[in-house]
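Asker: Attaching a predicted model along with its sequence, questions to come.
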Amino acid sequence: MTLEDLSIRCATLADVPAIESLIAVSAHGLGAGDYTRAQIEGALRGAFGVDTQLLEDRSYFVAEIGGQLAGCGGWSFRRTLFGGDARPDRDPQPLDPRTDPAKIRAFFVHPAHARRGIGAALLEHCEAEARARGFSRFELMATLPGVRLYRARGYLPGEPVHWPLPNGLTIEFVPMSKEDRGWHTS
């Protein structure tokens, strides 16, 4: 696979079952070195998942190779930082690009396509879309496997947080941020 074989398009509601499946496969396949199976299962019930608000906003994307789903990710101009529809404390209030950072959201890559530039291509696409809407700062809540991607793309980590899961466990995430200083690769 080369990045020339990769296509990125807006996700639709019809893609939700495939995206949910990809998220589970990605979380188990790429998260197993950082999280227990029980943590991943708990995260799949809220912290990881599809936020259909992003699909309605046309700010969530799928990356395909030969018509097959290889990755997904998005950005948001709303206050919710992470989590899917199952998370009850989502905040749909819009952000002000003059004062607020855009939210980079829900990046997952199929393990068979990991570390081949799909996550980076999706991230560049999302940052460009957010820039077009006037945002110059970005923030996200990274999974431990995702930290490596975001660091390589100029994001700075904050203090790790231990997010409570519905199964009584917690999962470690790392808040990260980036200020666009006019540099980016395309």
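Answerer: In hand now; what should we look at?

Asker: what's the first-to-last distance across stretch 80-98?
Answerer: End-to-end distance for stretch 80-98, by CA to CA, to the nearest Å: 18 Å.

Asker: Go through it and flag the buried ones.
Answerer: Neighbour counts using 16 or more other CB atoms under 10 Å place Thr80, Leu81, Phe82, Gly83, Gly84, Arg87, Arg90, Leu95, Pro97 of stretch 80-98 among the buried residues. Placement of C-beta: from N, CA and C, glycine included.

Asker: and what of stretch 41-49?
Answerer: Buried, per 16+ other CB under 10 Å, within stretch 41-49: Glu41, Gly42, Ala43, Leu44, Gly46, Ala47, Phe48, Gly49.

Asker: Closest one to His110 out of the residues you listed, please.
Answerer: Phe48 (14.4 Å; CB to CB).

Asker: Just confirm the closest one is within a helix.
Answerer: No - looking at Phe48 with DSSP: H, G, I helix; E, B strand; the rest coil, it is coil, so not inside a helix.

Asker: how close does it sit to Ile118?
Answerer: Computed as CB to CB, to the nearest Å, the Phe48 to Ile118 distance reads 18 Å.

Asker: And for Ala102?
Answerer: 20 Å.

Asker: Who are the contact partners of the residue sitting furthest away from the middle of the chain?
Answerer: What lies farthest from the middle of the chain is Gly168; by CA atoms, centre = their mean that is 23.9 Å. Taking CB atoms under 8 Å, 6 or more residues apart in numbering as the criterion, Gly168 is in contact with Gly42.

Asker: so where do the helices sit in this structure?
Answerer: 16-31, 37-43, 52-56, 118-132, 144-152 (DSSP state H).

Asker: List the contacts of the nearest residue to Gln53 once chain neighbours are set aside.
Answerer: Excluding its sequence neighbours, the residue lying closest to Gln53 (CB to CB, 6 or more residues apart in numbering) is Pro92, at 5.9 Å. Shown in contact with Pro92 (CB under 8 Å, 6+ apart): Gln53, Arg78, Arg79, Thr80.

Asker: Could you give the number of residues near Gly146?
Answerer: Look at Gly146: counted by other CB atoms under 10 Å, it has 25 neighbours.

Asker: Tyr35 versus that one, what's the distance?
Answerer: 12 Å.

Asker: Check Phe138 too.
Answerer: Phe138 is 24 Å from Tyr35, by CB to CB.

Asker: Check Leu81 too.
Answerer: 19 Å.

Asker: one step back: okay, Phe138 and Tyr35: which has more neighbours?
Answerer: Neighbour totals were compared for Phe138 and Tyr35, and Phe138 leads with 24 against 21 (other CB under 10 Å).

Asker: residue contacts, the residue lying closest to Pro111 once chain neighbours are set aside?
Answerer: Leaving aside its sequence neighbours, Pro111 sits nearest to Gly29 (CB to CB, 6+ apart; 3.3 Å). Counting by CB under 8 Å, 6+ apart, Gly29 makes contact with His110, Pro111, Ala114.
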